[in-house]
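> Got a predicted structure here, sequence first:
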Amino acid sequence: MNGQILTHEAAQPAAVKEKEKRHFSVSQLLTYQKCPLHYKFRYIDGLKIPPRSVMTLGSSVHAALEHNFRQKIESHEDLKVNEVLDAFSDSFDLAKPETLWDKDESPAEVKDSGVNLVCAYHTGKDRAGEPFIYRELNPKTRKYEKKPVKALSPTIQPLMVEEPFEVNFDNVDYKFIGRMDLVDDKMRIRDTKTSARTPTQDQVDTDLQMTAYSMGFRVKTGKIEKGLLMDYIVKNGVPKVVSVATKRTEEDIQRLLNLMARIAHAIDCGVYYCSCNPIFCNPNNCGYWDLGNGRGCRYGIG
């Protein structure tokens, strides 16, 4: 790369395929940021590790919402909640045997919590039809107030669902690929996540996935999105649904491009080390901790 900096002006929509380039995605960039050695194991050596329950739960909820929104593009109507729950159940049951469960985890309880998450997003009510009521701290009175969950699904008319995009550059040997979760009919990009806690505005404003969506949308459509929304289904005792608005500038996109350039350069130089993050770098949380024969994050080598 010779220190060459990518520019957004160099980004072009995918056209006639020439020589197939290597590609980057947000997942790859985040993996390298978290631990370069994890990146090597996953994307260079092709070593996959089983997903933990939080990943299985999140992907199954996502599959259920996608099932509804795909048909809603044409129908303009939500499916009945039981149909959406069937899609969740099918996805969860398919992933359950491949999931790495903790000893004290109950797959049935995790699945039940996912049912509540889907119901909260889709109707704001539980399976019995009773409204979800959660408690939230009023910053002015410093007292907790009871609030009903407001379902998001009925308020959204999708225009695109899981829309792929590809960004090519004229000055490097790689491209960037991704899929936009959902674009609504107001030309707003939306991303849905399950979370254990309500996100902060700063977390949303710096989320790399949303920056990638913004770049992909602008390159693919030639237009600037009308807004960016992160829709969180928060896994409290009683679930709640929170939408947080954010925006991205050309400067934000340039920051993503520069990050990708630096990571690509490090990979070209063979820079793979264990980040030794105290939160993740231990035998309980690291699937690459000990690969045997003196390999793994435990030893800091691949």
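Looks like it came in fine.
> Need the three-state assignment for residue 285.
coil (DSSP: H, G, I helix; E, B strand; the rest coil).
> now the helices for the protein?
Secondary structure of the chain (DSSP state H): helices located at 26-34, 36-39, 53-75, 81-95, 107-122, 201-205, 208-221, 250-268.
> Which of those sits closest to residue 187?
Closest approach to residue 187 among the helices of the chain (Cβ to Cβ): helix 208-221, 8.6 Å. Where you see a C-beta, it was placed from the backbone N, CA and C, and this is true even at glycine.
> would you turn the helices of the chain into TSV with distance to residue 189, mean pLDDT and mean neighbour count?
Shown next, in TSV, are the helices of the chain (distance: least, Cβ to Cβ, whole Å; pLDDT from 0 to 100; neighbours: other Cβ atoms under 10 Å):
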stretch	distance to residue 189	mean pLDDT	mean neighbour count
helix 26-34	13	97	18
helix 36-39	26	96	22
helix 53-75	13	98	19
helix 81-95	22	98	17
helix 107-122	18	97	19
helix 201-205	13	97	14
helix 208-221	5	97	21
helix 250-268	13	97	17
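> Now render the ones you listed as CSV, adding distance to residue 155.
Below are the helices of the chain laid out as CSV (distance: least, Cβ to Cβ, whole Å):
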stretch, distance to residue 155
helix 26-34, 26
helix 36-39, 38
helix 53-75, 12
helix 81-95, 15
helix 107-122, 11
helix 201-205, 19
helix 208-221, 20
helix 250-268, 27
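> For residue 147, find the nearest of those.
Going by Cβ to Cβ, the one of those nearest residue 147 is helix 107-122, 12.3 Å.
> Next, the angle helix 53-75 makes with that closest one.
40 degrees (axes from the mean of the first three to the mean of the last three Cα atoms, to 10 degrees).
> returning to that earlier point: out of the helices of the chain, which is closest to residue 276?
helix 36-39 (9.7 Å).
> Alpha carbons of the closest one, as PDB, please.
The C-alpha trace of helix 36-39 is given here as PDB (Å, rounded to 0.1, in the frame of the first residue of the first chain):
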ATOM      1  CA  PRO A  36      -5.400  -9.500  15.400                       C
ATOM      2  CA  LEU A  37      -4.700 -13.100  16.300                       C
ATOM      3  CA  HIS A  38      -8.400 -13.900  16.300                       C
ATOM      4  CA  TYR A  39      -8.500 -12.400  12.800                       C
END
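> So what touches it?
28, 31-32, 266-267, 271-275, 288, 297, 300-302 (Cβ atoms under 8 Å, 6 or more residues apart in numbering).
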